[in-house]
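**Student:** requesting a structural model of the entry that follows:
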Amino acid sequence: MIIPLEFRKLGSDELKRVYDIDRYEVVQTRYRRVGDQLKCFEEESEIASDPAFWDQRLPVWQRELEADAVAFGAFDGDRMCGFALLKNGARKDLSQILALYVSIDYRMRGVAKSLFMEMESAAKGAKAKSLFVLSPPTGPSVGFYLSQGFAIPSDPKPFPKSKDPSEIAMIKALR
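**Tutor:** I've put the predicted structure just below:
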């Protein structure tokens, strides 16, 4: 069910609003790439909602916005409850999802899907033929991207590299 929220493009001055987002999550499963397959395994862990997480990412995201990335936010009144960042032209005909976060109280309510649809529309508007993401290996993250039509590329070498080897490279063709 999609709840009545305001979804809009963000200016760089609004990036600090991500501190409103509560990232807390208990993860039950993780994924790992084995050859050209995704393997799911049980591994319970807890992701805390730590301001230091945002402290690390904000300068990077600020630079990306200054270099023509586009950001979207989901707002419940004055509170940001979702955030997405898309980099168009990451490679020829390729747009890359750099961030997609939704507060715990708003998950499973259509917020991530709505933010994803904003990014997909922006990528198509930029003439991208594919969307790429380096997904955290958690069950909820990988599961979300799979449900949106992403798959693991048979050869991830031509795509942007991750600093975190556990991240899962995924791609979706745009029509």
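
**Student:** poorly predicted segments of this protein, please.
**Tutor:** Residue ranges of the chain with pLDDT under 70: 1-3, 156-158, 160.

**Student:** mind redoing it with 50?
**Tutor:** In the predicted model of the chain, no residue satisfies pLDDT under 50.

**Student:** for it, longest strand please?
**Tutor:** If you go by DSSP state E, the chain has its longest strand at strand 79-91.

**Student:** that strand: which residues count as buried?
**Tutor:** Neighbour-count burial for strand 79-91 flags Met80, Cys81, Gly82, Phe83, Ala84, Leu85, Leu86, Lys87, Asn88, Gly89, Ala90 (criterion: 16 or more other C-beta atoms under 10 Å). Using the backbone N, CA and C atoms, a C-beta is placed for each residue, glycine as well.

**Student:** what's the neighbour count on Phe116?
**Tutor:** Close neighbours of Phe116, defined as other C-beta atoms under 10 Å, add up to 22.

**Student:** the closest residue to it other than its chain neighbours and Leu86: what is the separation?
**Tutor:** Using C-beta to C-beta, 6 or more residues apart in numbering and skipping residues adjacent in sequence, the residue nearest Phe116 is Gln148, 5.8 Å away. Going from Gln148 to Leu86 by C-beta to C-beta, to the nearest Å gives 14 Å.

**Student:** same check, this time on Asp68
**Tutor:** In this view, Asp68 and Leu86 are 10 Å apart by C-beta to C-beta.

**Student:** point to the residue nearest the middle of this protein.
**Tutor:** Nearest residue to the geometric centre of the chain (C-alpha atoms, centre = their mean): Leu100, 2.9 Å.

**Student:** wouldn't that one be in contact with Phe83 here?
**Tutor:** Yes: if you go by C-beta atoms under 8 Å, Leu100 and Phe83 touch, sitting 7.5 Å apart.

**Student:** what do those two both touch?
**Tutor:** Counting by C-beta atoms under 8 Å, 6 or more residues apart in numbering, the shared contacts of Leu100 and Phe83 are Leu115.

**Student:** hang on, the earlier thing: so which strand or helix has the residue nearest to the centre of the chain?
**Tutor:** strand 94-102 (DSSP states H and E).

**Student:** neighbours around Trp56, how many?
**Tutor:** Residue 56: Gln, not Trp. Number of residues near Gln56 (other C-beta under 10 Å) recorded here: 10.

**Student:** may I have the phi/psi pair for it?
**Tutor:** Taking degrees, to the nearest 10, you get phi -70, psi -40 for the backbone angles of Gln56.
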